[in-house]
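Visitor: I'll drop the sequence and a predicted model, then ask my questions.
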Amino acid sequence: MLRAVRNDPGLKILPVVMLTSSREEQDLIKSYELGVNAYVVKPVDFKDFIQAVKEIGVFWAIINEMPQESMLSKETKS
């Protein structure tokens with residue numbers, strides 16, 4: 001799925017967070033090779049999981065700076 005998102009001109013700039021239970025180094029490396037923006041290992045405890053998802057959401061929705069649509073190249077928009 002990540003490969004498809006990164007190959008789609010209309011989607012390739014979207015931030016992608018890999019939320020996984022895997023701590024395998026090869027999974028981490030492969031995810032970054034395919035263009036993931038962040039790799040987060042899910043907490044086991046449900047309350048901790050919910051908090052982690054909230055924090056990820058705050059970072060990507062509020063803290064992180066994304067280019068404005070008007071700043072994107074024509075290639076990205078097509």
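Guide: Thanks, I have the structure now.
Visitor: so where's this structure uncertain?
Guide: Scanning the chain for pLDDT under 70 picks out the ranges 69-78.
Visitor: quick one, helices of it?
Guide: Secondary structure of the chain (DSSP state H): helices at 2-7, 25-33, 46-58, 74-77.
Visitor: contact partners of the first one?
Guide: Applying Cβ atoms under 8 Å, 6 or more residues apart in numbering, the set of residues contacting helix 2-7 from outside is 11-12, 14, 16, 18, 31, 34-36. C-beta coordinates here come from the backbone N, C-alpha and C atoms, glycine included.
Visitor: What are the buried residues along that helix?
Guide: If you call a residue buried by 16 or more other Cβ atoms under 10 Å, then helix 2-7 has these buried ones: Val5.
Visitor: Please export the C-alpha coordinates of it as CSV.
Guide: These are the backbone C-alpha positions of helix 2-7, laid out as CSV (Å, rounded to 0.1, in the frame of the first residue of the first chain):
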residue,chain,number,x,y,z
LEU,A,2,2.8,2.4,0.9
ARG,A,3,4.4,1.8,-2.5
ALA,A,4,1.1,2.6,-4.3
VAL,A,5,0.7,5.9,-2.2
ARG,A,6,4.2,7.0,-3.0
ASN,A,7,3.8,6.3,-6.7
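Visitor: to the chain's geometric centre, what's the distance from it?
Guide: 12 Å (Cα atoms, centre = their mean, to the nearest Å).
Visitor: ditto for the third one
Guide: Averaging C-alpha positions (Cα atoms, centre = their mean) puts helix 46-58 15 Å from its chain's average.
Visitor: Using CSV, write down the CA coordinates of that helix.
Guide: The C-alpha coordinates for helix 46-58 follow below in CSV (Å, rounded to 0.1, in the frame of the first residue of the first chain):
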residue,chain,number,x,y,z
PHE,A,46,-4.9,0.3,25.3
LYS,A,47,-4.8,3.6,27.2
ASP,A,48,-1.2,4.1,26.1
PHE,A,49,-2.2,3.2,22.6
ILE,A,50,-5.0,5.8,22.5
GLN,A,51,-2.6,8.5,23.9
ALA,A,52,0.0,7.6,21.3
VAL,A,53,-2.5,8.0,18.5
LYS,A,54,-3.6,11.3,19.9
GLU,A,55,0.0,12.6,20.1
ILE,A,56,0.7,11.4,16.5
GLY,A,57,-2.5,13.2,15.4
VAL,A,58,-1.4,16.5,17.2
